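Undergrad: Pasting the sequence and the predicted model now:
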Amino acid sequence: MAEQTHVLFVEDDDVIREATQLALERDGFAVTAMPDGLSGLEAFRADRPDIALLDVMVPGLDGVSLCRRIRDESTVPVIMLSARADSIDVVLGLEAGADDYVTKPFDGAVLVARIRAVLRRFGHANGGRGAAADEPAPVDGGVLAFGDLEIDTEGMEVRRSGAHVALTPTEMRLLLEFSAAPGTVLSRDKLLERVWDYGWGGDTRVVDVHVQRLRTKIGQDRIETVRGFGYKLKA
């Protein structure tokens, strides 16, 4: 990679922090590793990394709170690290604004793959998909209109009743998938494949939490749940 991707890694376990830092550096990443949330926040503000890896249970400022602080200031991608896949911390982290999570203990190759998948999403927010047959015609230079909701597919901006709606790149990718096929039910697995770039099975809670976050921004009734199947954007 021509220019190194800068990773902020916040982990209080010395062994995990040092081993993971070395593994990421061997894969070509530049890594700033911090042992607690407060120093992690300072490093984020000083260095403005390309992506943040945050362990949920770190001292000073826990990973979920740190994620919220980062999300208040930036749309930089965030991956949470959790020791238990069934922990409520996973959902809390996603609700705080994280884009994905990895369960500990993790394989270094899996972590790198997830980092690169997230970075690909953020580098190509529109996903490169063509228009569906039932997609509404752009009303002005690539702008799709759904009632008071307007999606500028070229400028990657969303407006609701004329007001700008701030979406993270992951939320934008999710909305673009829905808007490409309004009225069509998209399964959670299909959304994991298209938005999160999962070529394998993933945790559908990631989809559910992001859909709920998107609803709070564009309108709770805009995306409909089709029980047992998935979600669809009301045409």
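TA: Great, that's in hand. In this text the structure is predicted, and so the values were computed from the model without any measurement.
Undergrad: ok, now which ones touch Thr204?
TA: 188-189, 192 (Cβ atoms under 8 Å, 6 or more residues apart in numbering). Quick note: C-beta positions are derived from backbone N, CA and C, even for glycine.
Undergrad: Distance-wise, check the most centrally placed residue in the chain relative to Phe9.
TA: Relative to the mean C-alpha position of the chain, the nearest C-alpha, by Cα atoms, centre = their mean, is the one of Asp99, at 2.5 Å. Asp99 is 16 Å from Phe9, where distance means Cβ to Cβ, to the nearest Å.
Undergrad: Can you show me the helices along this structure?
TA: 14-26, 37-47, 63-73, 88-95, 108-123, 169-180, 188-195, 205-218 (DSSP state H).
Undergrad: Any idea which of those helices gets closest to Gly228?
TA: helix 188-195 (10.7 Å; Cβ to Cβ).
Undergrad: could you give the angle of that closest one to helix 205-218?
TA: Between helix 188-195 and helix 205-218, the angle comes out at 80 degrees (axes from the mean of the first three to the mean of the last three Cα atoms, to 10 degrees).
Undergrad: what's the burial count for Pro49?
TA: 22 (other Cβ atoms under 10 Å).
Undergrad: Where do the domain boundaries of this structure fall?
TA: The chain breaks down into these domains under automatic domain parsing: 6-123, 143-233.
Undergrad: Using TSV, lay out those domains together with mean pLDDT.
TA: Output for these, formatted as TSV (pLDDT from 0 to 100):
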stretch	mean pLDDT
domain 6-123	91
domain 143-233	91
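Undergrad: hmm, back to that, let's have the helices of the chain in a markdown table, adding mean neighbour count and distance to Phe229.
TA: Shown next, in a markdown table, are those (neighbours: other Cβ atoms under 10 Å; distance: least, Cβ to Cβ, whole Å):
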| stretch | mean neighbour count | distance to Phe229 |
| --- | --- | --- |
| helix 14-26 | 15 | 38 |
| helix 37-47 | 17 | 39 |
| helix 63-73 | 20 | 30 |
| helix 88-95 | 19 | 22 |
| helix 108-123 | 16 | 24 |
| helix 169-180 | 23 | 14 |
| helix 188-195 | 18 | 9 |
| helix 205-218 | 18 | 13 |
